[in-house]
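Novice: sequence and computational prediction follow.
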Amino acid sequence: MTPMEIGTKLVALVKAGKNDEAKKELYAKDIVSVEAGAPPGGNPESHGLDACLEKGKGWVAAHEIHGAEVEGPFPNGDRFAVVFRYDITQRASGNRIKMNEVALFTVKADKITREEFFYAMG
């Protein structure tokens, strides 16, 4: 599959609320996931499919999601970008925020091998 085809499938699965299914089907087992930031003492990078799945579960557990939108993919060579928009409440603080995020995905051998997230901190 081309990066555009993989991106289109990823976006369709995310829109259907099938984020874990998207990761299990489209991500390489040795994927690297890079966040814009990490909690104090934490690492912004996660390595491996299991770590990415756990990170996603942790994010969902830490936030009440009032709304989510996804737009894309926007291809460029072996990569594609996707825009996410969230209306969430952080469970720990109770703060409700609107969050915009750009995700850049790299594809090799028909699998997503790297994802990088860009968003405003604080």
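Specialist: Everything's here; your move.

Novice: alpha carbons only for contacts and neighbour counts from here, please
Specialist: OK.

Novice: what's the neighbour count on residue 5?
Specialist: Using other Cα atoms under 10 Å as the criterion, residue 5 is surrounded by 13 other residues.

Novice: can you check residue 42 too?
Specialist: Using other Cα under 10 Å, residue 42 is surrounded by 8 other residues.

Novice: gap between it and residue 71?
Specialist: Counting by Cα to Cα, to the nearest Å, the gap from residue 42 to residue 71 is 29 Å.

Novice: residue ranges in this protein under the pLDDT threshold?
Specialist: 121-122 (pLDDT under 70).

Novice: quick one, helices of it?
Specialist: When assigned using DSSP state H, the helices of the chain occupy the ranges 3-15, 19-26, 49-62.

Novice: need those in a markdown table with distance to residue 106, can you?
Specialist: Rendered in a markdown table, the data for those read as follows (distance: least, Cα to Cα, whole Å):
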| stretch | distance to residue 106 |
| --- | --- |
| helix 3-15 | 8 |
| helix 19-26 | 11 |
| helix 49-62 | 15 |
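
Novice: figure out which of those is closest to residue 35.
Specialist: With Cα to Cα as the measure, helix 49-62 is the member of the helices of the chain nearest residue 35 (10.4 Å).

Novice: name the stretch among the helices of the chain that sits most buried.
Specialist: Most buried of those by mean neighbour count (mean count of other Cα atoms under 10 Å) is helix 3-15; its value is a mean of 19.

Novice: now find how far off-centre that helix is within its chain.
Specialist: Between the centre of helix 3-15 and the centre of its chain there are 12 Å (Cα atoms, centre = their mean, to the nearest Å).

Novice: now that helix and helix 19-26, what's the angle there?
Specialist: With axes from the mean of the first three to the mean of the last three Cα atoms, to 10 degrees as the basis, helix 3-15 and helix 19-26 are set at 160 degrees to each other.

Novice: now for helix 3-15, which elements pack on it?
Specialist: Contacts of helix 3-15 with other secondary structure elements, assessed using 3 or more Cα pairs under 8 Å, 6 or more residues apart in numbering; DSSP states H and E, are made with helix 19-26, strand 63-76, strand 79-90.
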